[in-house]
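Student: heads up, no residue letters with this:
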């Protein structure tokens, strides 16, 4: 059985920004963009994006939720892009989490953000 959450498409793009990273000081700068496509015939409100960062040492950090106390509407059949940056002290980190969308006053849809990597070039083959 396919749930409503499964019908939403997520595309995640990441980039290592070498120009502002300082590996000798264990500062690795990454950007990421999450694109959500609303396949429904009705708009949905973006409630929260909750992300957890696990760095190369296994330390888990909760990332900032910019949508708290805001109301972002994703129109029917439209995309919504969220971009942010992260500075880590590890050349390899994993991010995962969930997105909560409000369909109406009583129905909340939770979309899982599968783990994705923030990794410097040539670290993995």
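Tutor: All right, it came through fine. Here the structure is a predicted model, which means the values were calculated and not measured.

Student: State the pLDDT value of the residue minimising distance to the centre of the chain.
Tutor: Nearest to the mean C-alpha position of the chain, counting by Cα atoms, centre = their mean, stands residue 34 at 5.1 Å. We have a pLDDT of 93 for residue 34.

Student: I'd guess it is in a strand, am I close?
Tutor: Yes. Assessed with DSSP: H, G, I helix; E, B strand; the rest coil, residue 34 lies in a strand.

Student: right, and it touches residue 79 too?
Tutor: No. In terms of Cβ atoms under 8 Å, residue 34 does not count as a neighbour of residue 79; the distance is 10.5 Å. Just so you know, the C-beta spots here come from the backbone N, C-alpha and C atoms, and that holds for glycine as well.

Student: What separation is there between the residue nearest to the centre of the chain and residue 27?
Tutor: 23 Å (Cβ to Cβ, to the nearest Å).

Student: Please apply the same query to residue 117.
Tutor: 18 Å.

Student: Repeat that for residue 5.
Tutor: As judged by Cβ to Cβ, residue 5 and residue 27 stand 36 Å apart.

Student: now residue 104
Tutor: For residue 104, the distance to residue 27 - Cβ to Cβ - is 44 Å.

Student: Over to residue 57?
Tutor: Distance from residue 57 to residue 27, by Cβ to Cβ: 15 Å.

Student: and the helix or strand bottoming out on mean pLDDT in the chain, which residues are buried?
Tutor: When the helices and strands of the chain are compared on mean pLDDT, DSSP states H and E, strand 72-74 comes out lowest with a mean of 88. Judged by neighbour count (16 or more other Cβ atoms under 10 Å), strand 72-74 contains these buried residues: residue 74.
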